[in-house]
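S.K.: show me how the following folds:
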Amino acid sequence: MSLRVQTDPELIRRYIAGEEIALEELIRRYQKQVFSFILLKVKDRILAEDLFQDTFIKVIDSLRSGNYRDEGKFIPWVLRIAHNLCIDYFRRASRHPKIITSEGKDIFELMGFSDESKEDIIIRDQTYSTMKTLVSRLPEEQKEVVILRHYAELSFKEISEITGVSINTALGRMRYALMGLRKMMKENVITI
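M.R.: Predicted structure coming up:
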């Protein structure tokens, strides 16, 4: 006999009714996605951990105070809170996030590689490094869409909700980002 997986709205209702375990399940369900999203923005693991905690503190406060309207959009709502906390942090720190990082996962690291030779690993790492550099040269809005789409694996609908723009605008930013990347690759004679 298999247990039915509860939906986000069911878990939210249970949490509001006083079942703390329901919130633990929601956090467990989305912690990797939310943490990765924040880490990509701030490029600092300790800061990302702090902002991750702040995000869920806001989630808890909003749920307890009845400020969350269940529209089946829990994770886009949580990512929007995380996004706003990152923006607030950078406003306070008066600096902007950069794409290039000396550690952590790459935005295009979507394919698993097995039985790679040393040469394959060097080529892959070089390719990822080149792509990170090229992505870092994109305008902020385009960079954000590339990160959300290829690293956080969000749909364009979710991206539009998080960034506060229409789906068409998000799609347009991705289109221009890809055109910009192709142009930079051509100018630098890079083949990937």
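S.K.: skipping adjacent residues, who's closest to the most centrally placed residue in the chain in space?
M.R.: In the chain, the residue lying closest to the centroid (CA atoms, centre = their mean) is F37, at 2.7 Å. In space, and not counting its chain neighbours, F37 is closest to A152: 4.9 Å by CB to CB, 6 or more residues apart in numbering. Heads up, the C-betas are built off the backbone N, CA and C, glycines and all.
S.K.: what about the one you found, neighbour count?
M.R.: A count of nearby residues for A152, using other CB atoms under 10 Å, gives 18.
S.K.: how about the secondary structure of it?
M.R.: coil (DSSP: H, G, I helix; E, B strand; the rest coil).
S.K.: quick check: it touching F35?
M.R.: No. The pair A152 and F35 does not pass the contact test of CB atoms under 8 Å, sitting 10.6 Å apart.
S.K.: anything in contact with each of the two?
M.R.: By CB atoms under 8 Å, 6 or more residues apart in numbering, A152 and F35 have no common neighbours.
S.K.: and the helix of greatest length in the chain, what's buried?
M.R.: When the chain is parsed with DSSP state H, its longest helix is helix 20-42. Under the neighbour-count criterion of 16 or more other CB atoms under 10 Å, helix 20-42 has 22-23, 25-27, 29-30, 33-42 buried.
S.K.: mean confidence for it?
M.R.: Mean pLDDT, helix 20-42: 90.
S.K.: and the angle from the helix or strand following that helix to helix 20-42?
M.R.: Where DSSP states H and E defines the elements, the next helix or strand beyond helix 20-42 is helix 45-65. With axes from the mean of the first three to the mean of the last three CA atoms, to 10 degrees defining the directions, helix 45-65 sits at 140 degrees from helix 20-42.
S.K.: quick check: next helix or strand after helix 45-65?
M.R.: Toward the C-terminus from helix 45-65 - assigned by DSSP H and E - lies helix 74-93.
S.K.: report all helices and strands that the helix-or-strand element of the chain with minimal mean pLDDT contacts.
M.R.: The helix or strand of the chain with the poorest confidence is helix 118-136; it has a mean of 74 (mean pLDDT, DSSP states H and E). Counting contacts by 3 or more CB pairs under 8 Å, 6 or more residues apart in numbering; DSSP states H and E, helix 118-136 packs against helix 140-150, helix 167-187.
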